[in-house]
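Trainee: Predicted model follows, preceded by the sequence.
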Protein chains: 2
Amino acid sequence: MSESTGLRARKKERTRDAIGDAAVSLFLEHGFDRVSVNDIAAAAEISKPTLFRYFPTKEDLVLHRFADHQGEAARVVRDRRSGIKPVTALHRHFRAGLDRYEPVTGLNDHPEVVAFHRLVFTTPTLAGRLTQYQLEDEAALADALGEGIQARLRAAQVLAVQRVLARTNWQKIADGRAAHDVHPEAVADADQAFSQLR
Amino acid sequence: MSESTGLRARKKERTRDAIGDAAVSLFLEHGFDRVSVNDIAAAAEISKPTLFRYFPTKEDLVLHRFADHQGEAARVVRDRRSGIKPVTALHRHFRAGLDRYEPVTGLNDHPEVVAFHRLVFTTPTLAGRLTQYQLEDEAALADALGEGIQARLRAAQVLAVQRVLARTNWQKIADGRAAHDVHPEAVADADQAFSQLR
DNA sequence: GTTACTCGGTTAAAAAAGCAACCCGGTAAC
DNA sequence: GTTACCGGGTTGCTTTTTTAACCGAGTAAC
């Protein structure tokens, strides 16, 4: 079938996961600023230079989970079937994310996921760097949408919508509601927001 | 206490264990000749050259467990307290091994250990190489005992005794008896054999 | 009788990891 | 105020590992 991933690649991936998991779990337990990169390296059983070879900065240890979705919007637009408008494709994609309760949509009530989002939103340096990521994502989406100011404006608006929707969902769940319970509202919000984009 | 083992050393040890364990468990399951070094490398998730950097030959993948006791007899003799004769020290050491049911003494009825010994004894190339190890051990013991033919003779006799004792114990256990049950006989045999050496 | 496997074992080059030492900004000690 | 430590990152240098290719002996195919 498809286990043709070489030994090297497999181990690198595993190391990367080990570092990321160790970091996130330590951050959740003690807070971002109270955990040093040395602690993380020790927990992941790697050396400090190795850690920085996998993640350029301390913040990326947290944000790689968002980074994994990097360029997703652009890809959705590029891969849409002919005859479908970009906004429609993005709308459907986001809705599918809601139906799968994907963490990125904010609609996920697993305690770790909720705590993880709180960690990101309440740590200034993390929130700051997260917007950096989103700006890159926006640029990629703009490229996929075409050229000129028009494309860039649309890209910005789409991502703003997604950001607000995700944040809204997360807030409701952080207030104690269950994801399943919030789902209908989340879908309704998304429908409204995306149709206003057209 | 003792966490001062560097990262590198710790990982090396773990890799070595992983290879050795993978090898032995595959050998026990399928037989020495029906498992290739490639299979072992794959199971241990390392490459073939790495395997051979840890173990010089395929046989050593099995025999390293004996090799870990390499030079033990010589050390026992050298480290004996003053006033104690070499044979006495070796006798006591062997007896202590019996009391701890150490696999090397043959007096151990853990299924894996029994199967492991059967594997070694019934695979000619392994049995052959095992005697090589014992010859080196014999030379070391001879050195510890002094110089000349006299020392070499004594060394040979001591190791021969230990070999026969261990083999005898193993045979009884392979016949289905419990180690605890065999223990008194094993001690008696050892006492008799060692006192005849004097 | 070549051809083409497989298997134990080796080689050379390149990637990756470890280690120790360092830079720089902050901050606590005295 | 300087000394000293801690934090995030970096820099060489060495050790370890992967990769792919190979050698030489055995052996099955045809």
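Mentor: Okay, I see it.
Trainee: what's around residue A:131, how many residues?
Mentor: When neighbours are defined as other Cβ atoms under 10 Å in any protein chain shown, residue A:131 has 10 of them. For glycine as for every other residue, the C-beta is placed from the backbone atoms N, C-alpha and C.
Trainee: Would you mind measuring from it to chain B?
Mentor: Note on residue A:131: its distance to chain B, by Cβ to the nearest Cβ, to the nearest Å, is 36 Å.
Trainee: can you give me phi and psi for that residue?
Mentor: phi -70, psi -30 (degrees, to the nearest 10).
Trainee: residues in contact with the most centrally placed residue in chain A?
Mentor: Nearest to the mean C-alpha position of chain A, by Cα atoms, centre = their mean, lies residue A:66 at 2.7 Å. Residues in contact with residue A:66 (Cβ atoms under 8 Å, 6 or more residues apart in numbering or on different chains) are A:104, A:130, A:133.
Trainee: cutoff 7 Å now
Mentor: Neighbour list for residue A:66: A:130, A:133 [criterion: Cβ atoms under 7 Å, 6 or more residues apart in numbering or on different chains].
Trainee: Give me the domain ranges for chain A.
Mentor: Annotated domains of chain A cover A:7-57, A:65-197 [automatic domain parsing].
Trainee: quick revisit: and the residue nearest to the centre of chain A, helix, strand or coil?
Mentor: helix (DSSP: H, G, I helix; E, B strand; the rest coil).
Trainee: To DNA strand C, which of the domains of chain A lies closest?
Mentor: Nearest to DNA strand C among the domains of chain A is domain A:7-57 (3.3 Å), distances taken as Cβ to the nearest atom of the strand.
Trainee: for the closest one, how far is the first residue from the last?
Mentor: 27 Å (Cα to Cα, to the nearest Å).
Trainee: Next, see if that domain gets close to chain B.
Mentor: Yes - applying Cβ under 7 Å from any Cβ of the partner chain, one finds domain A:7-57 touching chain B at A:7, A:45, A:47.
Trainee: For chain A, which residues are neighbours of DNA strand C?
Mentor: Neighbours of DNA strand C within chain A, by Cβ under 7 Å from any atom of the strand: A:8, A:11-12, A:15, A:45-50, A:53-54.
Trainee: And for residue A:122, the neighbour number?
Mentor: Residue A:122 has 11 nearby residues by other Cβ under 10 Å.
Trainee: any idea how far it is from DNA strand D?
Mentor: To DNA strand D, residue A:122 is 17 Å away according to Cβ to the nearest atom of the strand, to the nearest Å.
Trainee: Hmm, residue A:54 and residue A:16 touching each other?
Mentor: Yes - applying Cβ atoms under 7 Å, one finds residue A:16 in contact with residue A:54, separated by 5.3 Å.
Trainee: between the two, who's got more neighbours?
Mentor: Remark: of residue A:16 and residue A:54, residue A:54 carries more neighbours, 18 against 15, as counted by other Cβ under 10 Å.
Trainee: ok, the more buried one to residue A:7 distance?
Mentor: Per Cβ to Cβ, to the nearest Å, residue A:54 is found 18 Å from residue A:7.
Trainee: same thing with residue A:101?
Mentor: On the measure of Cβ to Cβ, residue A:101 and residue A:7 end up 35 Å apart.
Trainee: tell me the secondary structure for residue A:143?
Mentor: helix.
Trainee: Now do the contacts for the closest residue to it other than its chain neighbours.
Mentor: Distance criterion Cβ to Cβ, 6 or more residues apart in numbering or on different chains; nearest residue to residue A:143, sequence neighbours excluded, is residue A:74 at 6.5 Å. By Cβ under 7 Å, 6+ apart, the contact set of residue A:74 is A:140-141, A:143-144.
Trainee: Out of the residues you listed, give me the one that has the most neighbours.
Mentor: The member of the contacts of residue A:74 surrounded by the most neighbours (other Cβ under 10 Å) is residue A:141, with 26 neighbours in all.
Trainee: quick one: pLDDT of it?
Mentor: Residue A:141 carries a pLDDT value of 95.
Trainee: was I right about it contacting residue A:75?
Mentor: No - between residue A:141 and residue A:75 there is no contact under Cβ under 7 Å: 9.3 Å.
Trainee: re earlier: would you mind trimming the residues of chain A next to DNA strand C to those in range of DNA strand D?
Mentor: Among these, proximity to DNA strand D is found for A:8, A:11, A:48-49 (Cβ under 7 Å from any atom of the strand).
Trainee: Now for those: which two are most distant?
Mentor: Distances among those were taken as Cβ to Cβ; the most separated pair is A:8 and A:48, at 21.7 Å.
Trainee: Comparing these two, which residue is more hemmed in?
Mentor: Under the criterion of other Cβ under 10 Å, the comparison of residue A:8 against residue A:48 puts residue A:48 first, with 13 against 9.
Trainee: Now do the same contact list for the more buried one.
Mentor: By Cβ under 7 Å, 6+ apart, the residues touching residue A:48 are A:37-38, A:41.
Trainee: just so I have it, where are all the helices in chain A?
Mentor: Under the criterion DSSP state H, chain A carries helices at the ranges A:7-30, A:37-44, A:48-54, A:60-67, A:72-78, A:86-99, A:111-122, A:124-145, A:148-174, A:179-197.
Trainee: Can you add neighbour count, distance to residue B:84 and pLDDT and give the residues of domain A:7-57 next to chain B back as CSV?
Mentor: Shown next, in CSV, are those (neighbours: other Cβ atoms under 10 Å in any protein chain shown; distance: Cβ to Cβ, whole Å; pLDDT from 0 to 100):
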residue, neighbour count, distance to residue B:84, pLDDT
A:7, 13, 52, 91
A:45, 15, 44, 96
A:47, 15, 47, 96
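Trainee: Output the residues you listed as TSV; include the columns distance to residue B:125.
Mentor: Putting those into TSV (distance: Cβ to Cβ, whole Å) gives the following:
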residue	distance to residue B:125
A:7	28
A:45	37
A:47	41
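Trainee: what's the closest of these to residue B:94?
Mentor: Of the residues of domain A:7-57 next to chain B, the one sitting nearest to residue B:94 (Cβ to Cβ) turns out to be residue A:45, at 39.1 Å.
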